[in-house]
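Enquirer: Next comes the sequence, and after it the predicted model I'd like to discuss.
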Number of protein chains: 2
Amino acid sequence: MSSDAELIERVDVPTLALRAKLFRGLADASRLSILDALRAGPLSVGEIVATTGLSQSNASNHLRCLSECGLVVGEQRGRFVHYRLSDPRLDDLLVLVGELLRETACGVKACENYRMSQQS
Amino acid sequence: MSSDAELIERVDVPTLALRAKLFRGLADASRLSILDALRAGPLSVGEIVATTGLSQSNASNHLRCLSECGLVVGEQRGRFVHYRLSDPRLDDLLVLVGELLRETACGVKACENYRMSQQS
DNA sequence: GCTATATATCATTCGTGGCTGATATGTCGA
DNA sequence: TCGACATATCAGCCACGAATGATATATAGC
């Protein structure tokens, strides 16, 4: 159809699944609030709990997930663990998504296909 | 903590939820396979079904979701409906995610917090 | 050692959303 | 108008994963 169809390299299936899995990691308001809190610099778990309003166990669970996925890095300092974003491109990603959300993906809010429970 | 903490504008809660919802829209291998197929140019539903291997009703459901969210645009041509990506930045987003996946988010594959069923 | 604080883990509950199969709508050709 | 094809909608099932509450580990101070 498109004249440059040959220039596009189709993504193989396992990579597709991995991308989906990474997006799933970001598809949670709690995890996003943690990532957003960490944009300002490293924070201990207690500070993250205070900032985000999540319960301690819930925050810890999400931090484990984010850490395993490689999106954040934790470092033990005394009896505190300080977490930070692992890659500045995470910020780029969030900015890009913000743009899309404002300009073209405006329908997301109204989309009934998934409700995402904890919404405004 | 960080010296430029004041420069970071914290994202408000409803925006957080919307971002999460947009990510959720992308957090599905079926929808990603549709978006990936459309990177080469507009396709009819039948062609999408053939390319992705999804069932007809499943593809149609995902297309409705993607369309409602504003990520794809459908145009009726005769008895066919041709869908295309609504914004080239979707491509940028996928590329950026690919980079993150390769370099820093390598742990996603092993993350046990969510299994994502349809995986390699 | 004991206690307090900080964080992690575990089991359970429960809502959500993806897939399937059947059916409905819509559009073209004869 | 009728039949064939293309797409959309709908109901039901089932698995996944987010949140909670309780408990376990770990580190520091006394």
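Expert: Yep, it's here.
Enquirer: any weak-confidence spans in chain A?
Expert: A:1-9, A:118-120 (pLDDT under 70).
Enquirer: and it, which of its residues are near DNA strand D?
Expert: Within chain A, the residues that sit near DNA strand D (CB under 7 Å from any atom of the strand) are A:24, A:27-30, A:54-58, A:61-62, A:65, A:76, A:78-79, A:118. Every residue, glycine included, has its C-beta placed from N, CA and C.
Enquirer: Now list the buried members of those residues.
Expert: With neighbours counted by 16 or more other CB atoms under 10 Å in any protein chain shown, the residues of chain A next to DNA strand D contain buried members at A:24, A:27-30, A:54, A:62, A:65.
Enquirer: and the residues you listed as CSV, adding distance to A:V108 and secondary structure?
Expert: Supplementary listing: those in CSV, determined by distance: CB to CB, whole Å; DSSP: H, G, I helix; E, B strand; the rest coil:
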residue, distance to A:V108, secondary structure
A:R24, 16, helix
A:A27, 12, coil
A:D28, 15, coil
A:A29, 13, helix
A:S30, 18, helix
A:L54, 23, coil
A:H62, 22, helix
A:C65, 23, helix
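Enquirer: Spatially nearest residue to the residue nearest in space to the middle of chain A (excluding sequence neighbours)?
Expert: Centroid check for chain A by CA atoms, centre = their mean gives A:L26 as the closest residue, at 2.9 Å. Excluding the flanking residues, the one nearest A:L26 by CB to CB, 6 or more residues apart in numbering or on different chains is B:F23, at 4.3 Å.
Enquirer: same check, this time on A:V72
Expert: Take A:V72 and drop its neighbours on the chain: the residue closest to it by CB to CB, 6+ apart is A:L66, 4.5 Å away.
Enquirer: residues in contact with that neighbour?
Expert: Contact criterion CB atoms under 8 Å, 6 or more residues apart in numbering or on different chains gives A:25, A:31, A:34-35, A:72, A:83 as the residues in contact with A:L66.
Enquirer: Check whether the helix or strand hosting A:L35 comes near chain B.
Expert: Element membership of A:L35 [criterion: DSSP states H and E] is helix A:29-38. Yes - taking CB under 8 Å from any CB of the partner chain as the criterion, helix A:29-38 and chain B are in contact, through A:29, A:31-33, A:36-37.
Enquirer: Go ahead and confirm A:L90 touches A:I34.
Expert: No - applying CB atoms under 8 Å as the test, A:L90 and A:I34 come out as separate, 11.5 Å apart.
Enquirer: List the buried residues for the host helix or strand of A:V73?
Expert: Element membership of A:V73 [criterion: DSSP H and E] is strand A:72-77. In terms of neighbour count (16+ other CB under 10 Å), strand A:72-77 has its buried residues at A:72-74.
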